[in-house]
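Chemist: what's the 3D shape of this:
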Amino acid sequence: MTENKLSPAVIDELEAIVGEQYVLNSPEDLVAYSYDSTFTSARPNLVVLPGSTQEVSKVLEVANRELIPIVPRGMGTGLSAGSIPFGGGIVLPLTRMDRLLDIDLDNMMATAEAGIITSELADALARKGYFYPPDPSSDHYSTLGGNAACNAGGAHCLKYGITGHYVVALEVVLADGRIMRVGGKATKNVTGYDLVHLLIGSEGTLAIITEVTVRFITPPETERTAEAIFPKLADAGKAINAVLSSGAKPSMLEIMDETSIKSVEDYLHLGLPLDVEAILVIQTDGDEAEAVRGIEIVAEVCRQNGARDVRVAATPEESAEMWHARHSISGSLGRIRPNKLGEDITVPHSVIPRLITRIKEISARWNLPIVIFGHAGDGNLHPNILFDKRDPEEYERVEGAVGDLFRVAVELGGSLSGEHGVGVLKRPYLEMALGPVAVEMQKRIKQAWDPNNILNPGKIFV
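Modeler: Modelled structure (predicted):
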C-alpha cells in the first residue's frame, strides 16, 4: 500500500462522509483497533466509523477507487485474526450502527443493524416473550454482524442451530459501494442462488454486512441442568455419545477437562472437585414433563458410563452456578500461562472419545498444556494451547501442535472451525481441509465479488 492512497485529500473526503470525529488516526486509536481476541496485531493507517449503510457505501466507493484495503470489524472478539489489518488500510468498525430496527411479531422476525450487541437483541426479544437461540460465549460483547460474518454458534446450537440457521435476510454493501438486499421474510425463497448463506461465514471478504434480519422462536417452558463428575476423561467422552443416543434430547452439553476445572476453581473457588478428569454440564428443556424426564435420563446414563456423581440443579441459582463454571474457563486460563491459542475444531460426535485421546497425545508430543472444553454435544471442542509468546522455541512448538490438531480433526471427518472462522490463523490448513478444487472455486467467487481485493484482503485465502 502506498502513502498517496491515504493522502490528505482522501482523508478529507472520508471526513466529509462520516464526520471528522469519526475518522481516527492518532497512535493510540490505531493501536486500539490493531488487535482482536488472538495474540496477533497490526496497525491500520486509519479508522473510519460509519453511522449508516449509506455512509458505508460512500466509504467503499472511495476505497475501491483508491485501492485501499478495508477491514470490517465488530467488537474485535474474533479468534482467528479475521479483523486485524495486516496490510494496513482502513479499519471499518460497524459499532455505531447498533439499532434494533424492527420486531415483526406476525412473522416472528427481527431486523437490526450489524453493530448491535447479540445479547441486546436476545434480551429485547425475551422481554416480549420470545427466544433468539444463537448464544456464542461472547454474546454480551460481540455484534450480530460479526456473528453472521463468522456463522457463530454457542452452547444452544446442539438443539437449536447456529447463526446461519436464523438469518433470513441481509443488507450488504459490495466492494464498489453498491447496496444490495438478499433474502426476505417469505418462508420459502429459492429464486436464484442462495446469496444469504453465501455471505454468512464469509468473514467480510465478499461484502460488508450492515443489516441483519433473523427469525426467533417461542422459548421452552422450563429448563433443567445437571453436572456430571467423571474420574476419567475417556468415560466422559463415551457418556456424551450415550446421552445423545438416549432420547434425552439435551439442549446443551458442555465438557470441562481436568486443567480447566482446576483453573476455574483456583480462580473462583466454587468447590469444584480437583481429583477428577472431566465434568459434563448438560441441560434439557421443553415443557415440565419433557425437561424433567430428559434430565433424569441424562443422570442415569452418565452414572452408567462412569460418572462418580451427578448433581441435578434444584433451583435456577444452582443451575446458574454450574454454567458460571463453564463460562469462566477462558478468563481463568491466563493464571496458568500468559498466552493461549483457542481453536474450535469439530468432528462427528461419535468420534469425540477418539478426538480427546488424540488431543492428549498432541499435548504430550509437543510438551504444551492443551485445555479441552467446549460444545461436546455437537462435536465442537475448544482445545486451548497455553504458552508464553516471549519464548520463541515454545511458540514454534505451538505451531506444530496446531497443525497436528487440524490434521486430527480432518482425519476424523471433521473441520478446522465450527464457529470462529478461518481468518489468517487457519489459512495455511484450508486446502488440507477442503481440497484444491473447493479452494479454487471459492477464490473465483472472491474474485467475482471483489475484483480489486480490497475487502479484508489476506483473510481465508492468500
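Chemist: Which segments of this structure make up each domain?
Modeler: The chain breaks down by automatic domain parsing into domains covering 3-93, 100-215, 222-331, 337-421.
Chemist: for the closest residue to Glu343 other than its chain neighbours, what are its contacts?
Modeler: Counting by Cβ to Cβ, 6 or more residues apart in numbering, Pro383 is the residue found nearest to Glu343 once chain neighbours are left out, at 5.3 Å. C-beta here means a position set from N, CA and C on the backbone, and glycine is covered the same way. With contacts defined as Cβ atoms under 8 Å, 6 or more residues apart in numbering, the neighbours of Pro383 are Gly342, Glu343, Ile345, Ile359, Ile370, Val371, Ile372, Gly374, Leu405.
Chemist: between those, which has the most around it?
Modeler: Each of the contacts of Pro383 was scored for neighbours by other Cβ atoms under 10 Å, and Gly374 scores highest at 30 neighbours.
Chemist: Kindly indicate whether that residue is helix, strand or coil.
Modeler: Assigned state for Gly374: strand (three-state reduction, DSSP: H, G, I helix; E, B strand; the rest coil).
Chemist: Tell me the bridge partners for it.
Modeler: Listed beta-bridge partners, Gly374: Ile255, Leu381 (assigned using DSSP bridges).
Chemist: Hmm, it is touching His382, no?
Modeler: Yes - proximity of Gly374 to His382 meets the contact threshold set by Cβ atoms under 8 Å, at 3.7 Å.
Chemist: Common neighbours of these two, please.
Modeler: Asp344.
Chemist: what about the longest helix in this structure?
Modeler: Scanning the chain for the helix with the most residues, using DSSP state H, yields helix 392-411.
Chemist: Which SSE is immediately downstream of that one?
Modeler: Scanning forward in sequence from helix 392-411 by DSSP states H and E, the next helix or strand is helix 430-434.
Chemist: So for that following helix, what gets flagged as buried?
Modeler: Leu430, Ala433, Leu434 (16 or more other Cβ atoms under 10 Å).
Chemist: Val10 and Ile372: what is the separation?
Modeler: When Cβ to Cβ, to the nearest Å is applied, the distance between Val10 and Ile372 equals 48 Å.
Chemist: do Lys459 as well
Modeler: For Lys459, the distance to Ile372 equals 27 Å [Cβ to Cβ].
Chemist: remind me which residues of this structure are low pLDDT?
Modeler: For the chain, the stretches with pLDDT under 70 are 1-5.
Chemist: Output stretch 237-250 as CSV, restricted to C-alpha atoms.
Modeler: The C-alpha atoms that make up stretch 237-250 are tabulated as CSV, following Å, rounded to 0.1, in the frame of the first residue of the first chain:
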residue,chain,number,x,y,z
GLY,A,237,-16.3,-38.9,26.1
LYS,A,238,-18.2,-42.1,26.0
ALA,A,239,-21.1,-40.6,28.1
ILE,A,240,-21.5,-37.8,25.6
ASN,A,241,-22.4,-40.3,22.8
ALA,A,242,-24.6,-42.3,25.2
VAL,A,243,-26.6,-39.2,26.2
LEU,A,244,-27.1,-38.2,22.6
SER,A,245,-28.5,-41.6,21.7
SER,A,246,-30.6,-42.0,24.8
GLY,A,247,-33.6,-40.0,23.9
ALA,A,248,-32.9,-37.3,26.5
LYS,A,249,-32.7,-34.6,23.7
PRO,A,250,-30.3,-32.2,25.6
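Chemist: re the thing from before, pull out the buried positions in the longest helix of the chain.
Modeler: By neighbour count with 16+ other Cβ under 10 Å, helix 392-411 contains the buried residues Glu394, Arg397, Val398, Ala401, Val402, Asp404, Leu405, Phe406, Val408, Ala409, Val410.
Chemist: Now tell me what touches it from outside.
Modeler: Outside helix 392-411, the residues that touch it by Cβ under 8 Å, 6+ apart are 341, 343, 345-347, 355, 358-359, 362-363, 365-368, 370, 383, 385, 387-389, 415-416, 425-426, 429, 432-433.
Chemist: Then stretch 433-443?
Modeler: Everything outside stretch 433-443 that qualifies as a contact, by Cβ under 8 Å, 6+ apart, is Phe406, Val410, Ser415, Leu416, Leu430, Glu431, Ile460, Phe461.
Chemist: The last one against Leu430, yeah?
Modeler: Yes - the pair formed by Phe461 and Leu430 meets the contact definition of Cβ under 8 Å, at 7.3 Å.
Chemist: and Thr210, helix, strand or coil?
Modeler: strand.
Chemist: The residue lying closest to it once chain neighbours are set aside: neighbouring residues, count only.
Modeler: For Thr210, the nearest residue in space outside its immediate sequence neighbours is Thr53; the separation is 4.2 Å by Cβ to Cβ, 6+ apart. Number of residues near Thr53 (other Cβ under 10 Å) recorded here: 21.
Chemist: Can you give me the distance of Thr53 to Ala226?
Modeler: With Cβ to Cβ as the criterion, Thr53 and Ala226 are 46 Å apart.
Chemist: try Val214
Modeler: Distance, Val214 to Ala226, using Cβ to Cβ: 30 Å.
Chemist: So if I had to pick from those two, which one is more boxed in?
Modeler: The residue with more neighbours, out of Val214 and Ala226, is Ala226; 25 against 22, by other Cβ under 10 Å.
Chemist: who's in contact with that one?
Modeler: Val281, Ile282, Gln283, Ile295, Val298, Ala299, Cys302, Val310, Arg311, Val312, Ala313.
Chemist: Point out the ones among those that are inside helices.
Modeler: Applying DSSP H to the contacts of Ala226, the entries found in helices are Ile295, Val298, Ala299, Cys302.
Chemist: Neighbour count and distance to Val196 added to these, as JSON lines?
Modeler: Conversion of these to JSON lines gives the following (neighbours: other Cβ atoms under 10 Å; distance: Cβ to Cβ, whole Å):
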{"residue": "Ile295", "neighbour count": "23", "distance to Val196": "36"}
{"residue": "Val298", "neighbour count": "28", "distance to Val196": "35"}
{"residue": "Ala299", "neighbour count": "21", "distance to Val196": "41"}
{"residue": "Cys302", "neighbour count": "27", "distance to Val196": "39"}
